[in-house]
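Colleague: need a 3D model of the following:
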Amino acid sequence: MHIRYEVEDRIATLTLNRPEVANAQNMALLDELDTAWTRAAQDEEVKVIVLRAEGKHFSAGHDLKDRWPAPNEITLEWIYGAETRRYLEYTLRWRNVPKPSIAAVQGRCIAGGLMLCWPCDLIVAAEDALFSDPVVTMGIGGVEYHGHTWELGPRKAKEILFTGRPLTAEEAEKVGMVNRVVPREELDAETRELAERIARMPAFGLRQAKRAVNQTLDVQGFYAAVQSVFDVHQTGHGNALSVSGYPILAKLDEMKEKLR
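Modeller: Predicted coordinates for the structure are as follows:
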């Protein structure tokens, strides 16, 4: 099992449980995580959802060594379909679960890791947390759930994408991406305290407050933008397919090995 699911005091805790590979996301982990989100959403006893991770790092992103069932010849059409389901549809569904959610992030949160914490309503970060999206290195303009501009503002989003450098927890709090920064050893306790405080509020009021904020973002263009930029992302794959074997993947694998 790649996801641990626990419920206590009306709080569902979803735990990424692949610490031996820095919680890199293979197909099984994403499918299990989606099942856990759905379970928490449907459980009438659950009022708040917490997403956390075991180990040193929150998530090293997509597991590039995970080989999805694929045709002999990889095409852009196949990539588009596979990523629509597990990346775009999953993340948007998690974002719109009608219950407050909190991500607790420590260590590295790389590329696909952002697609786990950004759909959450609140983020509590450990002081050692580092957020990055280095996929421009692959010739792609950012991860599939392109929340960068909304989370960071346009200029900071461009800086992080153009340079590939990680954003510190302190920087993330300054731009409003992170709600709180706490010492690493207090991450779980602080996140739990926040979840318990929220869980004391009326469930319907929480649902309506979340819908009001998300609907406001959607009226401003969030939903349409994420859908549109997903198509832009796919042009990066189309370009990479012209280079036999995606040689840049080996380089990214080496980068991730250093985290383990």
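Colleague: for the rest of this, base every contact and every neighbour count on C-alpha atoms.
Modeller: Noted.
Colleague: low-scoring stretches of the protein, by residue?
Modeller: For the chain, the stretches with pLDDT under 70 are 67-71, 243-260.
Colleague: regarding it, what is its longest helix?
Modeller: Secondary structure of the chain per DSSP state H: the longest helix is helix 222-241.
Colleague: which neighbouring elements make contact with that one?
Modeller: Helices and strands touching helix 222-241, by 3 or more Cα pairs under 8 Å, 6 or more residues apart in numbering; DSSP states H and E, are helix 76-83.
Colleague: tell me what angle the helix it packs on forms with helix 222-241.
Modeller: Interaxial angle, helix 76-83 versus helix 222-241 (axes from the mean of the first three to the mean of the last three Cα atoms, to 10 degrees): 140 degrees.
Colleague: list the buried residues in helix 76-83.
Modeller: Across helix 76-83, burial judged by 16 or more other Cα atoms under 10 Å covers Leu76, Tyr80.
Colleague: and the spatially closest residue to Arg10 that is not a sequence neighbour, what does it touch?
Modeller: Nearest residue to Arg10, sequence neighbours excluded (Cα to Cα, 6 or more residues apart in numbering): Val46, at 4.5 Å. Val46 makes contact with Val7, Arg10, Ile11, Ala12, Ala40 under the criterion Cα atoms under 8 Å, 6 or more residues apart in numbering.
Colleague: quick one on the thing from earlier: what sits up against the longest helix of the chain?
Modeller: Helix 222-241 has contacts (Cα under 8 Å, 6+ apart) with 75-76, 79-80, 88, 138-147, 150, 217-218, 246.
Colleague: and the one helix or strand Ala209 maps to, what's buried?
Modeller: Per DSSP states H and E, Ala209 falls inside helix 203-219. Buried residues in helix 203-219, defined by neighbour count with 16+ other Cα under 10 Å: Ala203, Leu206, Lys210, Arg211, Asn214.
Colleague: next: stretch 120-140.
Modeller: 120-138, 140.
Colleague: now do that stretch: distance to the chain's middle.
Modeller: Taking Cα atoms, centre = their mean, to the nearest Å, one finds stretch 120-140 lying 8 Å from the centre of the chain it belongs to.
Colleague: what's the span of that stretch from first residue to last?
Modeller: 24 Å (Cα to Cα, to the nearest Å).
Colleague: Ala12 - nearest residue in space that isn't next to it in sequence?
Modeller: Ala12's closest residue in space is Ile49 (Cα to Cα, 6+ apart), at 4.8 Å.
Colleague: next, that neighbour: phi, psi?
Modeller: Backbone torsions for Ile49, taken as degrees, to the nearest 10, come to phi -120, psi 130.
Colleague: can you check Glu8 too?
Modeller: phi -150, psi 130.
Colleague: begin at 3 from here
Modeller: Fine by me, first position is 3 from now on; the one you just mentioned is Glu10.
Colleague: beta partners for it?
Modeller: Using DSSP bridges, the beta-bridge partners of Glu10 come out as Ile13.
Colleague: same thing with Ile104?
Modeller: In this entry, Ile104 is beta-bridged to Val52, Leu124, by DSSP bridges.
Colleague: surely it is in contact with Leu118?
Modeller: No. Using Cα atoms under 8 Å as the test, Ile104 is too far from Leu118 to be in contact (10.6 Å).
Colleague: contacts for stretch 196-208 next, please.
Modeller: By Cα under 8 Å, 6+ apart, stretch 196-208 touches Asp11, Arg12, Ile13, Lys49, Val50, Ile51, Val52, Lys101, Pro102, Ile104.
Colleague: can we see that at 7 Å?
Modeller: Residues from elsewhere that reach stretch 196-208 (Cα atoms under 7 Å, 6 or more residues apart in numbering): Arg12, Lys49, Val50, Lys101, Pro102.
Colleague: quick one: the strands in this protein, in order.
Modeller: 5-10, 13-18, 50-55, 103-107, 110-112, 124-128, 132-134, 169-170, 182-184 (DSSP state E).
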